[in-house]
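**Student:** make a model of this:
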Amino acid sequence: MDGHDWTEVVGAFGLFALVTTVLTTVIWQFAATRRAKAQVVRELEYRKLAESATAVQQGTEERLKEISERLTEMQSRMDSLERILQTVE
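**Tutor:** Numbers count the residues shown, from 1 in each chain. Got it, this is the predicted structure:
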């Protein structure tokens, strides 16, 4: 082999290394982009879940407040009824 043949071998090896590097980088970036998109979708789903949980919790708090008010009203009526019954006896 003369010097020209070695140049072709080194050139072919360099070209192969370049193509391999470019393909690896493109595949790596594509995978990173897909992972990022999947993470964004997952975060949006978690956000929706958190918002719905918050809405349900607020509804529950409103219902508990309503029930507490009704219970307080019933307690005052019961106290009034007991006083009336004690007065009658």
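**Student:** and the helices in this structure?
**Tutor:** With DSSP state H as the criterion, the chain has helices at 3-88.
**Student:** residue nearest the centroid of it?
**Tutor:** Nearest to the centroid of the C-alpha atoms of the chain, with distances taken as CA atoms, centre = their mean, sits Tyr46, at 2.1 Å.
**Student:** mind checking pLDDT for Glu8?
**Tutor:** Note on Glu8: pLDDT of 86.
**Student:** gap between it and Val19?
**Tutor:** Plainly put, Glu8 is 16 Å away from Val19 if you go by CB to CB, to the nearest Å. Yep, even glycine has a C-beta here, placed from its N, CA and C like the rest.
**Student:** how many neighbouring residues does Ile84 have?
**Tutor:** Residue crowding around Ile84 was assessed by other CB atoms under 10 Å; the count is 9.
**Student:** contacts only, for it.
**Tutor:** If you count contacts by CB atoms under 8 Å, 6 or more residues apart in numbering, Ile84 has none.
**Student:** that one and Arg77, how far apart?
**Tutor:** Between Ile84 and Arg77 the distance is 10 Å, computed by CB to CB.
**Student:** now Arg70
**Tutor:** The separation that Arg70 has from Arg77, given CB to CB, amounts to 11 Å.
**Student:** for Phe13, same thing?
**Tutor:** Distance from Phe13 to Arg77, by CB to CB: 95 Å.
**Student:** what mean pLDDT does stretch 74-88 have?
**Tutor:** Regarding stretch 74-88, the rounded mean pLDDT is 93.
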